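Q: Make a model of this:
(one chain, ligands or ions: 1)
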Amino acid sequence: MRVLVTRRWPVEVERALGERFDVVLNAGDRPLSQAELARAMGEFDVLCPTVSDKIDAAVIAGGHKVRLIANYGVGFDHIDLAAAKAASVAVTNTPGVLTDATADIALTLLLMAARRAGEGERELRDGRWSGWRPTHLIGSALMGKTLGLVGMGRIAIATARRAHHGFGMKISYYGRRECDPAVAAELKAEFFPELASLLGASDFVSLHVPGGAETANLIDAAALAAMKPGSYLINTARGGIVNHTALADALDRGHLAGAGLDVYPHEPQVPGVLLGLENVVLLPHLGSANAETRIAMGMKALANVEAFAAGEPLPDRVA
Ligand code: DGY
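A: Model (predicted):
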């Protein structure tokens with residue numbers, strides 16, 4: 001079975017794939033063009049893309065050999081699932097294994113934004129630090145503050161656990177339905193059926209909904225206006241959920257005290273309006289970037305390819 005891996009994966013996983021299949025790896029780690037991805041659809045049995053590959057309808061129509069798209073990553077808004085289904089191509093992802101790593105990054109952003117760590121580091125490295133003083137770079141405490149989670153899936157719950165048990169934060173959440181009562185009891189979490197009410201009641205808001213058409217621009221100018229004055233926005237989910245022009249305006253006017261972002265609508269481009277603002281922490285999509293997690297993601301993708309090769313049910317099928 002011929003397998004194409006579009007980007008470099010951890011060596012352990014590349015080796016394991018190579019031992020089992022006829023694999024073409026991307027040693028140079030160069031992003032493939034849309035034309036190359038489309039051509040691959042006619043040349044391989046399995047395509048293993050990741051979030052930086054746009055697997056749209058035109059790519060899927062590029063050939064009829066690929067029968068499985070085994071995505072390296074949990075999010076799949078970069079894959080046209082309807083086109084894949086119509087072409088009888090199965091799609092899998094890698095859920096579960098990056099929950100803790102992504103929750104860690106949400107907390108990293110929350111702490112960095114609240115305690116103005118990016119501003120402080122830039123000041124120090126630029127030689128502008130004049131020494132300790134009582135009024136220098138004053139941020140916000142976390143203890144007793146409310147963290148409002150938009151979406152209450154695995155990563156949101158892991159983020160809430162860290163914030164509640166580790167930092168003494170109160171937990172509120174908005175979602176389509178209430179979460180498992182045991183989780184709600186553990187976190188003393190309050191459910192808000194209306195997004196605007198959650199936004200107005202939270203000192204920190206962290207986004208945990210999937211990307212795609214349903215959530216595009218969910219956090220627009222009106223949603224930002226509904227946030228508490230002096231609050232913070234954290235996004236480790238997908239860039240398209242936030243209107244960054246409106247966010248930059250809210251940060252610039254001081255309506256929001258700060259923001260922490262790991263994801264952007266058209267990566268690797270970062271919305272220019274954010275770059276000049278001191279009160280936003282900008283990370284380059286590091287959510288799952290630790291060695292253990294990246295290996296586990298690859299092994300999960302491999303498990304899906306193996307199941308496919310054996311004609312067994314796919315463990316993480318999304319289409
Ligand atoms: C994913 O898996 O979708 C992340 O965004 C990349 O770690």
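
Q: can you pull the buried residues of stretch 11-18?
A: Neighbour counts over stretch 11-18 (16 or more other Cβ atoms under 10 Å) mark Val13, Glu14, Ala16, Leu17 as buried. The way it works is simple: take the backbone N, C-alpha and C, and place the C-beta from them, glycine included.

Q: which residues touch that stretch?
A: Residues from elsewhere that reach stretch 11-18 (Cβ atoms under 8 Å, 6 or more residues apart in numbering): Val3, Val5, Arg8, Trp9, Val23, Leu25, Ile295, Gly298, Met299, Ala301, Leu302, Val305.

Q: Serialize the residues you listed to TSV and add fields for pLDDT and distance to Gln269.
A: Below are these laid out as TSV (pLDDT from 0 to 100; distance: Cβ to Cβ, whole Å):
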residue	pLDDT	distance to Gln269
Val3	98	30
Val5	98	25
Arg8	98	21
Trp9	98	24
Val23	98	31
Leu25	98	27
Ile295	98	29
Gly298	98	27
Met299	98	31
Ala301	98	26
Leu302	98	31
Val305	98	31
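
Q: Only the buried subset of these, as a PyMOL command please.
A: A single PyMOL command is used to select the members of the contacts of stretch 11-18 judged buried by 16+ other Cβ under 10 Å:
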select buried, resi 3+5+9+23+25+295+298+299+301+302+305
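
Q: Just name the closest of the contacts of stretch 11-18 to the ligand, please.
A: Nearest to the ligand out of the contacts of stretch 11-18 is Ala301 (Cβ to the nearest ligand atom; 10.5 Å).

Q: So is the helix or strand containing that closest one next to the ligand?
A: Ala301 is part of helix 291-309 when elements are defined by DSSP states H and E. No. Against the ligand, helix 291-309 shows no contacts by Cβ under 6 Å from any ligand atom, the least distance being 6.8 Å.

Q: Give me the residues contacting that helix.
A: Here helix 291-309 makes contact (Cβ under 8 Å, 6+ apart) with 1, 3, 9-10, 12-14, 16-17, 20-21, 46, 48, 67-68, 70-73, 90, 92, 94-98, 100-101, 288, 313-317.

Q: near the ligand, which of the residues you listed show up?
A: Answer for these near the ligand (Cβ under 6 Å from any ligand atom): Gly73, Leu98, Ser288.

Q: Adding secondary structure and pLDDT, write the residues you listed out as a markdown table.
A: Converted to a markdown table, these look like this (DSSP: H, G, I helix; E, B strand; the rest coil; pLDDT from 0 to 100):
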| residue | secondary structure | pLDDT |
| --- | --- | --- |
| Gly73 | coil | 98 |
| Leu98 | coil | 98 |
| Ser288 | coil | 98 |
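
Q: show me the contacts for the closest residue to the ligand within the stretch 201-319 of the chain.
A: Closest residue of the stretch 201-319 of the chain to the ligand, Cβ to the nearest ligand atom: Ser288 (3.3 Å). Residues near Ser288 by Cβ under 8 Å, 6+ apart: Gly73, Leu98, Ala101, Thr102, Arg294, Met297.

Q: quick one: secondary structure of the residue most central in space within the chain?
A: Centroid-nearest residue in the chain: Ala237, 3.3 Å away (criterion: Cα atoms, centre = their mean). With DSSP: H, G, I helix; E, B strand; the rest coil as the basis, Ala237 sits in coil.

Q: Cross-check the contact I'm expecting between it and His208.
A: Yes. Ala237 lies in contact with His208 (Cβ atoms under 8 Å); the separation is 5.6 Å.

Q: which residues do the two both contact?
A: Taking Cβ under 8 Å, 6+ apart as the criterion, Ala237 and His208 both touch Gly151, Ile155.

Q: Name the nearest residue to Asn217, sequence neighbours excluded.
A: Setting aside the residues directly before and after it, Asn217 is nearest to Asn243 in space (Cβ to Cβ, 6 or more residues apart in numbering), at 5.2 Å.

Q: Who are the contact partners of the one you found?
A: Asn243 makes contact with Asn217, Ile219, Asp220, Ala221, Leu224, according to Cβ under 8 Å, 6+ apart.

Q: quick one on the thing from earlier: with distance to Ser52 added, can I get the ones next to the ligand among the contacts of helix 291-309 in TSV?
A: As requested, those are exported to TSV (distance: Cβ to Cβ, whole Å):
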residue	distance to Ser52
Gly73	9
Leu98	16
Ser288	13
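
Q: Among the buried residues of stretch 11-18, which ones are in helices?
A: When DSSP state H defines the helices, the subset of the buried residues of stretch 11-18 inside them is Val13, Glu14, Ala16, Leu17.

Q: Would you agree Ala160 is in contact with Leu187?
A: Yes. Between Ala160 and Leu187 there is a contact at 5.2 Å, judged by Cβ under 8 Å.
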